[in-house]
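[1] Any chance you could fold what I've pasted below:
(chains A and B)
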Amino acid sequence: MKIKKTQIKATLLAVVTLLLFPIFVYGADRTPIKIGFIGGLTGRSSDLGIQGRNGAMLAVEEINQMGGINGRTIQLLIRDDKQDQQTAIKEVQGLLDEGVIAIIGHMTSSMSEVTLPLLNERKIPIISPTASTNKLTGIDDYFLRVINPNIQLTRLMADNAYRKLRLRKMVAVYDLSNRTYSEGYINEFKTFFEGQGGKIISTYTFNTGSNVSYKKLVRDILQRSPDGLIIATGALDAAMICQHVRMAGSKIPILSSGWAQTPDFIRHGGTAVEGVFFTAYVDYDSTEKPFVEFKERFKARFGQNEPTFAAVFAYESVMVIRDALMRNIDTKQLKETILKQKVFRGLQGTFEIDTYGDAIRKAYIVVVNKGRFSIKER
Amino acid sequence: MRRFVFSLSHILILSFVLISGLPILVMGFITVKIISAEITDDIISKNLLLAQSLSSEVQRFLDTSLSDLREIEETIIVKNLFKVDKINSYLDSILKIKPYFESIEILDENATVRFMSPLDENIIGINRSGQQFFSHVMTHKKPYWSQIFISTQTGNPTVTLVIPAKGWVIVGYLNLSSLNAITDRVKVGRHGYAYMTDQDGTFIAHPDKKTVIQRFNPGILNIMETKKKSYVESTTYRYENREYLASLSTVPNTDWSVVVVVPTDEAFSLVKRIKNLFILETVIVVFLASLIAFVSFRTITRPLSRIVLDTRMVAAGDYTVKKIPSGYSEIDEIINNFYTMAGAIKDREEALKKSRETLQAFFDAVNETMVLIDQNGKVLLSNRTAAERLGKTVEEFVGTCIYDYFAPDMAKYRKEQYDKTISSGEPVSFQDASEGRYYEHHCFPVPDGNGVAIFIQDITERKLAEEEREKLIAELKSAIAEVKTLSGLLPICANCKKIRNDKGYWEQIEVYIRDHTDANFSHSICPQCAEKLYPEYYKGKGKIRD
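    Residues are numbered from 1 along each chain as shown, chains lettered A, B, ... in the order given. Next up is the predicted model:
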């Protein structure tokens, strides 16, 4: 009754089969899909980045809770570009070395412009929730976005200023820390505004955080006796400028770029920001079911603050990647898959991403009313 | 379906392994469970105590900060001890001795910043009505702790403590580094630490300062909230691919959470070591048990293997096996019995062979066909005559199918008869013919009902004789019938000797006889008539020549 060789072989085969069973069952690639997030998470303009990060986190957590993409979870690698060029390049390089298949970010145009050559070289798409500079419009590169280029908003804003508010002489002020965006915004606004007959009589610039004297800045502005003021800065700076304008007793209409459209603007602006105009793509009073549910989930996850457009667009950016990967899991063709799909379901209806990766959405005139951003004109 | 049979070796090894390894496994499992529970309780209670202690410290810090603002209220608002132009200086002095305040503001009832330290012309005069704290304290008339936010002065994360003060509002901006100083002191094991979150779960103190200034909310509170239902104040959660054992204490008034965490793998490192030790022990014991089982198995099974081989030889008809003692009495008994049995089988087989040869000789002595077939027609036994009739030797014939030797119709007919014999259990006889010869079959069912013994007799000669006999009888009958025709009363003319036939005509006698018999007539004249008719020729000449 000695042990036969065939028995030994059979036993070994059974053991090996048992050991390899998990590989057969889970033979498919189950490693997490790495997606990067990069934005300004610290500093005076961090509100945009933090909201964006939270929106992206919520999207990733929801996707993972629902089983991921083809059984693979998403791992979100979060990085802070500190609104600094060198840091942005270093962090993006780090994300690429980590093997991310795409990056959500940057939240500002300046940073997007800085790191784009690196991403083009590595052929990794970056989907920006909020960078809207026209400098990156109409270029076939790896920069995609779920927000429209500024041109639509600046035209709408200039039209609002000249026709609706009947402003003729305006002063512009912008923050050089996000120059690509802010300078572009003001220049486009100027083009449209002056194209209609208005005039930008002065332009003031500063670098946020560099001991700016809002009092002096506003005094200089008001000495020019403008009909209105157009601002392209972050929320904190915009709020402080508004505070000093009203403190100086001026009641001139104030218009702001979307950069400042965050809760920090209301929080720091108080009553001084009542009546400030924005142009926006998000209707915070929307009763669209996906948006209402998103707001509830966002608040349940991150606390009392309501999501801003940065959170909404970051959330949608992740969902764009998810939709594309559901269509084609080949991550190397992610950009092409997104451009091919073209139409995506957002939280407030559908939006398009054109062949150059620029979004097409409906824009609104928004005004601060009783501490809320309310749609003035649809 | 093939039944699975365990081999002795498998049973033996499995028994050894189970007897030796199972108790260790069970004991190890129970021990590890008990130790894990003990360690968990110990860590949880210690960490919970630590968290509560930290929470108390934070509460004292907040109480102190609150007292500071109350003192300001008392000094400036209630007692009105300073002139308006001196209030900012007074606030500066407070700030110097209370470094945890980043700044202090005093707001009027319209939320306008009237006084502050350090003085910032960007802030003085601005409106704070947009801040949630203003409406909150004006409505509830009690202290308010804000969410974390970015300071307008420093751009750093800050928390505000706000108190209403007789129509005024005093706002203290608390530097969160003060909270970090509390949590930074905590070191639990090598990787355990403490952190704090605000009421929403956003970090407000953490060893990784980056998470604080980035206002990171890992969602841990949500996880703990979900788990709290089953385990109050302590739980485990997974964060960034590592599991933590967390103990939580809430700071009163602010709903901030102080959490002391220890990575589970570190907390249970002792358990893990014990577990590994048990695993190692189990592996060693199982290995040794398997080894002992294998050696025992080899000793026991070697003589058994020899018997297995011998049984195959015996089964193949080779009885040249030799008895080899094993050394084990039980196995020796089996061996003795086996070889006795093998000898008996050999004797019986020889007797059987002889008996078979005798039987075959007996069969062969019969000069007719004798065949034994099974229910399928397979020839089991045959005598020589049967085989030779089909052009075969007995050896060639046995084992073939009997129906293959006949034409289809005959094969079918014979099969029916043989089947009938089997199904009825009664002898069946029948005859048939083949190639001009006649056979008589006598079929007898074999006792087990699965075959037929057939005796086939060639009856051709007998059959032919019978046929000849039948023919003769028929002819005789016919002849008798003919004779009867001429028998009876024939009316004959007394003169001319003509006979009247059935139709009443008179025929010459020779015509009548010719028509009613096979006889014919040749006309001649007898001597007497010749002498009478032709005396001239015959008279005196003697006899007429016939």
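[2] only C-alpha atoms for contact and neighbour calcs from this point on.
    OK.
[3] hmm, the strand or helix carrying residue B:135 in reach of chain A?
    Element membership for residue B:135, per DSSP states H and E: helix B:132-140. Yes: counting by CA under 8 Å from any CA of the partner chain, chain A has neighbours in helix B:132-140: residue B:132.
[4] likewise stretch B:113-125?
    Yes: Stretch B:113-125 reaches chain A (CA under 8 Å from any CA) through B:121-122, B:125.
[5] Cross those against helices and list the overlap.
    Secondary structure from DSSP state H places none of the residues of stretch B:113-125 next to chain A in helices.
[6] And the residue of the stretch 301-450 of chain B closest to chain A?
    At 4.8 Å from chain A, residue B:305 is the closest residue in the stretch 301-450 of chain B, using CA to the nearest CA.
[7] Could you report the neighbour count for that residue?
    Residue B:305 has 14 neighbours, counted by other CA atoms under 10 Å in any protein chain shown.
[8] and it, that one's in a helix?
    Yes: counting by DSSP: H, G, I helix; E, B strand; the rest coil, residue B:305 falls inside a helix.
[9] Quickly find the element holding residue A:352.
    Per DSSP H and E, residue A:352 falls inside strand A:349-353.
[10] could you dump that strand to CSV, C-alpha only?
    Coordinates of each C-alpha in strand A:349-353 appear next as CSV, following Å, rounded to 0.1, in the frame of the first residue of the first chain:
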residue,chain,number,x,y,z
GLY,A,349,-28.5,68.7,-16.3
THR,A,350,-26.1,67.7,-19.0
PHE,A,351,-23.1,69.5,-20.3
GLU,A,352,-20.7,68.9,-23.2
ILE,A,353,-17.0,68.7,-23.5
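[11] quick one: which helix or strand includes residue B:371?
    Counting by DSSP H and E, residue B:371 is part of strand B:369-374.
[12] Quick one: the helices in the stretch 151-300 of chain A, in order.
    Taking DSSP state H, counting those that start in this stretch as the criterion, the stretch 151-300 of chain A contains helices spanning A:179-196, A:214-223, A:235-247, A:263-269, A:289-302.
[13] got the buried residues for stretch B:76-94?
    Going by neighbour count (16 or more other CA atoms under 10 Å in any protein chain shown), the buried part of stretch B:76-94 is B:76-77, B:87-92, B:94.
[14] Check stretch B:368-377 too.
    Neighbour-count burial for stretch B:368-377 flags B:368-374, B:377 (criterion: 16+ other CA under 10 Å).
[15] Endpoints of that stretch, how far apart?
    Using CA to CA, to the nearest Å, one end of stretch B:368-377 lies 19 Å from the other.
[16] swap in stretch A:226-246?
    Note: stretch A:226-246 ends 14 Å apart using CA to CA.
[17] burial measure for the closest residue to chain A within the stretch 51-200 of chain B, as a count.
    Closest to chain A within the stretch 51-200 of chain B is residue B:130: 3.4 Å, counting by CA to the nearest CA. Using other CA under 10 Å, residue B:130 has 23 neighbouring residues.
[18] got it, and the one 5 residues further on?
    Neighbourhood size, residue B:135 [other CA under 10 Å]: 14.
[19] check contacts around the closest residue to it other than its chain neighbours.
    Of all residues not flanking residue B:135 in the chain, residue B:129 sits nearest, at 7.1 Å (CA to CA, 6 or more residues apart in numbering or on different chains). By CA atoms under 8 Å, 6 or more residues apart in numbering or on different chains, the contact list for residue B:129 reads A:267, A:269-271, B:110-112, B:135.
[20] Residue B:296: which element?
    helix B:269-315.
[21] How far does the helix or strand hosting residue B:469 sit from its chain's centre?
    In this structure, residue B:469 sits in helix B:460-486 according to DSSP H and E. In this view, helix B:460-486 has its centroid 82 Å away from the chain centroid, taken as CA atoms, centre = their mean, to the nearest Å.
[22] Could you name the helices and strands sitting against that helix?
    The criterion is 3 or more CA pairs under 8 Å, 6 or more residues apart in numbering or on different chains; DSSP states H and E, and the helices and strands that helix B:460-486 contacts are strand B:437-445, helix B:509-516.
[23] State the mean pLDDT of stretch A:145-163.
    Taken as a whole, stretch A:145-163 has a mean pLDDT of 93.
[24] in stretch A:48-65, what counts as buried?
    Residues A:48-61, A:63-64 are the ones in stretch A:48-65 that count as buried (16+ other CA under 10 Å).
[25] Please export the C-alpha coordinates of that stretch as PDB.
    Output in PDB follows, covering the C-alpha atoms of stretch A:48-65 (Å, rounded to 0.1, in the frame of the first residue of the first chain):
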ATOM      1  CA  LEU A  48     -11.600  76.900  -3.800                       C
ATOM      2  CA  GLY A  49      -9.100  74.000  -3.500                       C
ATOM      3  CA  ILE A  50     -10.600  72.600  -0.300                       C
ATOM      4  CA  GLN A  51     -14.100  72.700  -1.800                       C
ATOM      5  CA  GLY A  52     -12.800  71.000  -4.900                       C
ATOM      6  CA  ARG A  53     -10.900  68.400  -2.900                       C
ATOM      7  CA  ASN A  54     -14.000  67.600  -0.900                       C
ATOM      8  CA  GLY A  55     -16.200  67.300  -4.000                       C
ATOM      9  CA  ALA A  56     -13.700  64.900  -5.600                       C
ATOM     10  CA  MET A  57     -13.400  62.900  -2.300                       C
ATOM     11  CA  LEU A  58     -17.100  62.500  -2.100                       C
ATOM     12  CA  ALA A  59     -17.300  61.300  -5.700                       C
ATOM     13  CA  VAL A  60     -14.500  58.800  -5.200                       C
ATOM     14  CA  GLU A  61     -16.100  57.600  -2.000                       C
ATOM     15  CA  GLU A  62     -19.400  57.100  -3.600                       C
ATOM     16  CA  ILE A  63     -17.900  55.300  -6.600                       C
ATOM     17  CA  ASN A  64     -16.000  53.000  -4.300                       C
ATOM     18  CA  GLN A  65     -19.000  52.300  -2.100                       C
END
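[26] what's the burial count for the closest residue to chain B within the stretch 151-300 of chain A?
    Closest to chain B within the stretch 151-300 of chain A is residue A:270: 3.4 Å, counting by CA to the nearest CA. By other CA under 10 Å, the residues close to residue A:270 number 25.
[27] Once you drop chain neighbours, what's closest to it?
    Distances taken as CA to CA, 6+ apart place residue B:130 nearest to residue A:270, at 3.4 Å, with adjacent residues excluded.
[28] Angles on the backbone of residue A:274, please.
    Here is the backbone geometry of residue A:274 (degrees, to the nearest 10): phi -60, psi 130.
[29] Is it in contact with residue A:370, as I believe?
    Yes: contact between residue A:274 and residue A:370 holds when scored by CA atoms under 8 Å: they sit 6.7 Å apart.
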